[in-house]
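In: need coordinates for the following:
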Amino acid sequence: MQRESVCNQEDKMMAMQTLYSAKRIEQQFHTGEEPVMVMCSDVNIYVCKYMRSSATAYKLACEFIGAKLAKAWHLTTPDIALVTIRPAHWEGISISHSLSAPSIGFRWLDSVVDITPSTYSKVPANAETLAQLMKIALFDFWVANEDRNANNANLMYNVAREQLVSIDYGCIFNTATFEYPLSQLTSTDTILWSDLFHHLVQVADRQMVLTLADRLKADYDEYLSQISVAAEEIMDEMPKEWKVPAETLKEKLNQLSDKHWTAAVWQNFVDCLNENIG
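Out: Take a look at the predicted model:
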């Protein structure tokens, strides 16, 4: 998935929008989850990820959970909706898919730069962008996102808004592992190990980075104090068709607010931050 629309960073969490496809699928992306692009009933274009078999859709659940929690953290991240793609609109798409389960749709965004090894240097190196990336990195530590790293940023840059845009949450919970407790990321698993981070941190001395971290700690404590609201919304809005057992989902969300986990996350984040600023 390359481009999606961005919700304003200050938007609150809101009820999940439910949409239908309005016309045939326009494009299929030949990336890991084979997402499709389709115009929906709100006359906007969405990139949709969908059930590909009758098995429990843990990766879709992770996309849903990650997007909802990113909103709760006020990260700049795509607007999402639950999208039912009509059977006739799958014409020409050969990959297996479920017609009865809703997909998760990410609204399309133009005028963004996909951050890759060849484009990261176009992102302005300043304290604001550095703070944005540090916040995204901490979020990844918290949800154990193993898919945002030096080789795969899963980020875009909105030039007009001067914002980093976080995308793709299918590999939170240690790559959609629901049967085991969360485990900590290593430094090399994270965006702090990337050329992008080192490009942005060049404008800051060690004291500035530590000051940004102190401010982030206050935000972190606030977000953790509100996790129960986000978790309740996730439990209520998770599509039953994805077959994620309610107790399994509840247990996984509870791990995110466990005091031992949240303290270890912060310490791991700080340690990795120090390792990468020298």
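
In: just the helices in the stretch 101-250 of the chain please.
Out: Secondary structure of the stretch 101-250 of the chain by DSSP state H, counting those that start in this stretch: the helices cover 127-143, 172-176, 195-201, 206-225, 227-237, 246-256.

In: quick one: the first one to helix 227-237, angle?
Out: In terms of direction (axes from the mean of the first three to the mean of the last three Cα atoms, to 10 degrees), helix 127-143 departs from helix 227-237 by 70 degrees.

In: all numbers from here: first residue = 697
Out: I'll keep to 697 as the first residue from here, and by that count the last item is helix 823-839.

In: buried residues in helix 823-839, which are they?
Out: Buried residues in helix 823-839, counting neighbours by 16 or more other Cβ atoms under 10 Å, are found at 825-839. Every C-beta, even on glycine, is put in place using the N, C-alpha and C of the backbone.

In: how about stretch 739-753?
Out: Buried positions in stretch 739-753, judged by neighbour count with 16+ other Cβ under 10 Å: 741-747, 752-753.

In: same question, stretch 783-794
Out: 785-786, 789, 793-794.

In: out of those, who's nearest L920?
Out: S794 (35.0 Å; Cβ to Cβ).

In: which SS state does the closest one fall under?
Out: Following DSSP: H, G, I helix; E, B strand; the rest coil, S794 is assigned to coil.

In: can you tell me which of the buried residues of stretch 739-753 are in strands?
Out: The strands, defined by DSSP state E, take in 741-745 from the buried residues of stretch 739-753.

In: tabulate those residues in a markdown table, adding columns for pLDDT and distance to V732.
Out: A markdown table is the format used below for these (pLDDT from 0 to 100; distance: Cβ to Cβ, whole Å):
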| residue | pLDDT | distance to V732 |
| --- | --- | --- |
| I741 | 97 | 11 |
| Y742 | 98 | 9 |
| V743 | 97 | 7 |
| C744 | 97 | 5 |
| K745 | 96 | 8 |
